[in-house]
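J.: sequence and predicted structure, then a few things I'm wondering about:
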Amino acid sequence: MVCVGIADDGVGISLEDQKKLFQKFSQVNRNNSGSAYKGTGLGLALCKEIIAQHGGKIWVESAPDGGAKFCFTVQKEV
């Protein structure tokens, strides 16, 4: 397996929101006012499906005010 991680030092993601992150049409920490933010809430759900088709997993490690780290694994070709 190959493991890839991407981290930031942003506001973090609550445990409750982490449960929704990889669901279709789910968006968290979204400001509903104005038109500055665009999206469908499909990006991470699609990533999860594609990674699963390659025998891998995707997850997030985060805490409020502690940034977030997204990780995924895929099968390593031999």
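T.: Perfect, thanks for sending it.

J.: report the buried residues of the helix of greatest length in the chain.
T.: Longest helix of the chain, by residue count under DSSP state H: helix 43-53. Residues of helix 43-53 classed as buried: 44, 45, 48, 51 (neighbour count, 16 or more other Cβ atoms under 10 Å). C-beta here means a position set from N, CA and C on the backbone, and glycine is covered the same way.

J.: ranges for the strands of this structure?
T.: Per DSSP state E, the chain carries strands over the ranges 2-8, 58-62, 68-74.

J.: which helices and strands does the second one pack with?
T.: Helices and strands touching strand 58-62, as assessed by 3 or more Cβ pairs under 8 Å, 6 or more residues apart in numbering; DSSP states H and E, comprise helix 43-53, strand 68-74.

J.: the longest one - what's its average pLDDT?
T.: In this case it means helix 43-53. Mean pLDDT, taken over the full extent of helix 43-53, equals 96.

J.: what sits up against the helix-or-strand element of the chain with minimal mean pLDDT?
T.: One helix or strand of the chain scores below all others by mean pLDDT, DSSP states H and E: helix 15-18, with a mean of 92. Contact partners of helix 15-18, identified using Cβ atoms under 8 Å, 6 or more residues apart in numbering, comprise 28, 29, 60, 62.
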